[in-house]
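J.: Next one to model:
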Amino acid sequence: MLAALDDERFGAAALARAHDAAARAGAVLRRVDGPDDRLAAWIDLTFPASWWSTEARAGSSWVAERDGRIAGFAAFGARGLRYAWLRAWRERADVGLFGPFGIEPSARGDSLGDALLIAALSSLRASGCAAALIPAVGYQGLERMYAARAGAVVVERIDLDRAPFRATILASGAGTNARRILERMGPGAARLEVAALIANDANAGALTAARDHGVEALPIVWDRAGESRAAFDARLIEALERTRPQLVLLLGWMHLLPDAFLERFAETINVHPAYLPLDPDADSTIAPDGTVVPALRGAHALRDAVRDRVPWTGATVHEVTGRTDRGRVLVRMPLAVGDAASEAELRERVRPLEFAAVDSAIRRWTFER
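T.: Below is the predicted model of the structure:
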């Protein structure tokens with residue numbers, strides 16, 4: 001949808017009116033330009049399995065706060081987003097991007113949403129934009145809302161009904177996440193066709209899950225006593241090449257991947273049981289309650305969370321690079337550790353988040369292609 005910003009409702013006095021409307025709703029508006037870990041954590045908790053926190057980070061946001069607590073936000077002016085439906089618009093200097101936009105449930109229905117919407121659109125106008133693009137609206141109710149409140153009109157319909165992408169799964173253990181993905185394959189589901197599953201343990205439950213779903217199951221096992229690591233890596237790459245994947249999914253894969261693998265299969269994503277920072281160079285992030293928590297990278301994130309009494313963990317799906325668990329975050333979800341007393345107990349709590357995060361990350365990956 002496209003909203004023309006020459007309407008007087010977005011003019012010079014609009015921002016003052018937005019502040020007044022927020023005040024009537026018992027809130028104050030705060031502008032954020034660029035990364036804000038507190039806002040990102042609130043978004044991740046309030047809108048689970050979304051990737052809105054990464055989009056808000058790519059631009060500016062107006063944030064509504066009540067008694068010092070975030071109640072809603074409206075992002076605008078994001079740059080560098082990869083979604084396919086933005087390709088025709090990303091070079092338009094006269095068009096600014098609006099969204100994402102969200103209000104906590106208790107604040108919906110009052111004037112707070114209007115205040116945030118007007119604040120964001122008036123800020124786009126003040127930056128020199130003649131129109132605001134509101135992409136991927138999705139629902140007729142939202143179309144009607146944007147038409148009524150912003151004068152927006154539909155300028156393009158997005159057709160997501162296309163052939164599925166071809167993927168190969170790499171797993172090492174029981175294959176719980178792999179089985180979940182295999183169960184959800186089909187038209188209109190993940191837009192993914194799993195060609196094969198490779199495991200580095202001949203007895204891995206993940207291989208059984210693949211066979212149960214008619215997917216090729218390939219054990220590629222490293223004989224540490226008689227084979228070099230380089231030779232094993234070469235066998236793995238050769239086996240994976242034969243499956244012709246467009247996407248490689250690491251679902252519990254426990255080997256580090258060599259540079260040659262990542263050069264050949266750059267489209268590789270991994271699920272990691274921790275709440276990783278959006279900044280790949282950061283070693284800590286802000287949890288939803290404001291706590292600073294360490295970035296628990298590596299193979300023992302859940303063990304480390306219990307041992308070090310870290311109050312928040314979660315699940316993150318990220319692109320795989322040569323730096324362990326430091327690739328671009330696609331989706332992340334926070335989880336309070338609570339009274340979990342063991343790694344096994346915490347793993348069971350994290351598992352549903354992993355399911356949701358992987359589903360969402362696959363959807364985002366396909367949207368970007």
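J.: Tell me both backbone torsions, phi and psi, for A58.
T.: phi -80, psi 0 (degrees, to the nearest 10).
J.: burial measure for the residue nearest to it when sequence neighbours are not counted, as a count.
T.: Leaving aside its sequence neighbours, A58 sits nearest to A78 (C-beta to C-beta, 6 or more residues apart in numbering; 4.0 Å). Backbone N, C-alpha and C define where each C-beta goes, glycine included. When neighbours are counted by other C-beta atoms under 10 Å, A78 registers 20.
J.: What backbone torsions are found at A78?
T.: Backbone geometry at A78, expressed as degrees, to the nearest 10, gives phi -60, psi 150.
J.: Same check on G26?
T.: Here is the backbone geometry of G26 (degrees, to the nearest 10): phi 80, psi 30.
J.: the strands in the stretch 151-300 of the chain, which residues?
T.: Along the stretch 151-300 of the chain, counting by DSSP state E, counting those that start in this stretch, strands occupy 165-171, 192-199, 216-219, 247-250, 268-272, 284-286, 292-294.
J.: Spatially central, which residue of this structure would that be?
T.: Here the mean C-alpha position of the chain is nearest to the C-alpha of V331 (C-alpha atoms, centre = their mean), at a distance of 2.2 Å.
J.: Pull the contacting residues for the closest residue to A336 other than its chain neighbours.
T.: Nearest non-adjacent residue to A336, counting by C-beta to C-beta, 6+ apart: W312, 5.9 Å away. Going by C-beta atoms under 8 Å, 6 or more residues apart in numbering, W312 touches Y275, A287, P288, D289, T291, V293, P334, L335, A336, V337.
J.: What are the buried residues along stretch 225-239?
T.: Neighbour-count burial for stretch 225-239, counted by 16 or more other C-beta atoms under 10 Å, picks out F232, D233, L236, I237.
J.: Show me what the least confident helix or strand in the chain by mean pLDDT is packed against.
T.: In the chain, no helix or strand scores lower on mean pLDDT, DSSP states H and E than helix 176-183, which sits at a mean of 90. The contact analysis (3 or more C-beta pairs under 8 Å, 6 or more residues apart in numbering; DSSP states H and E) places helix 176-183 against strand 165-171, strand 192-199, helix 205-212, helix 343-367.
J.: what residue of the chain is the furthest out?
T.: Relative to the C-alpha centroid of the chain, counting by C-alpha atoms, centre = their mean, G226 is the outermost residue, at 41.1 Å.
J.: what's the spacing between stretch 252-272 and its chain's center?
T.: Distance of stretch 252-272 from its chain centroid, counting by C-alpha atoms, centre = their mean, to the nearest Å, is 18 Å.
J.: And stretch 351-362, by the same measure?
T.: Averaging C-alpha positions (C-alpha atoms, centre = their mean) puts stretch 351-362 10 Å from its chain's average.
J.: Return the set of buried residues in that stretch.
T.: L353, E354, F355, A356, A357, V358, D359, S360, A361, I362.
J.: What is the nearest of those to A147?
T.: S360 (28.0 Å; C-beta to C-beta).
J.: Quick check, that closest one in contact with V331.
T.: Yes: S360 is in contact with V331 according to C-beta atoms under 8 Å; the separation is 4.6 Å.
J.: before we move on, the earlier item: out of the buried residues of stretch 351-362, the closest to A178 would be?
T.: The shortest approach to A178 among these belongs to V358, at 9.6 Å (C-beta to C-beta).
J.: Correct me if wrong: that closest one contacts V317.
T.: Yes: counting by C-beta under 8 Å, V358 sits close enough to V317 to count as a contact (5.9 Å).
J.: Mutual contacts of those two, please.
T.: Residues touching both V358 and V317 (C-beta under 8 Å, 6+ apart): V271.
J.: quick one: low-confidence parts of this protein?
T.: Where the chain drops to pLDDT under 70, the residues are 186-190.
J.: tell me the domain boundaries of this structure?
T.: Here the domain parsing of the chain from automatic domain parsing is 2-150, 165-367.
J.: Quick one: end-to-end distance for the shortest one.
T.: Taking C-alpha to C-alpha, to the nearest Å as the measure, domain 2-150 stretches 9 Å from start to finish.
J.: Now the common contact residues for S360 and V331.
T.: Listed as contacting both S360 and V331 by C-beta under 8 Å, 6+ apart are A49, S50, W51, V317.
J.: May I ask which of the residues you listed has the most neighbours?
T.: Ranked by neighbour count (other C-beta under 10 Å), these have V317 at the top, with 29 neighbours.
J.: Write down the beta-bridge partners of that one, one by one.
T.: For V317, the beta-bridge partners are V271, V331 (DSSP bridges).
J.: so it makes contact with F355?
T.: No: V317 sits out of contact with F355 when judged by C-beta under 8 Å, with a separation of 11.0 Å.
J.: Show the backbone phi and psi for the residue nearest to L15 when sequence neighbours are not counted.
T.: Computed as C-beta to C-beta, 6+ apart, the closest residue to L15 that is not its neighbour in sequence is S122, at 5.0 Å. According to degrees, to the nearest 10, the main-chain angles of S122 amount to phi -70, psi -30.
J.: check contacts around S122.
T.: Taking C-beta under 8 Å, 6+ apart, we find S122 in contact with F10, G11, A14, L15, A18.
J.: now, the most widely separated pair of the shared contacts of S360 and V331?
T.: Using C-beta to C-beta, the two most remote members of these are S50 and V317, lying 12.4 Å apart.
J.: any common contacting residues for these two?
T.: The contact sets of S50 and V317 overlap at V331, S360 (C-beta under 8 Å, 6+ apart).
J.: re the thing from before, for the residue farthest from the centre of the chain, give me its contacts.
T.: Taking C-beta under 8 Å, 6+ apart as the definition of contact, G226 has no neighbours.
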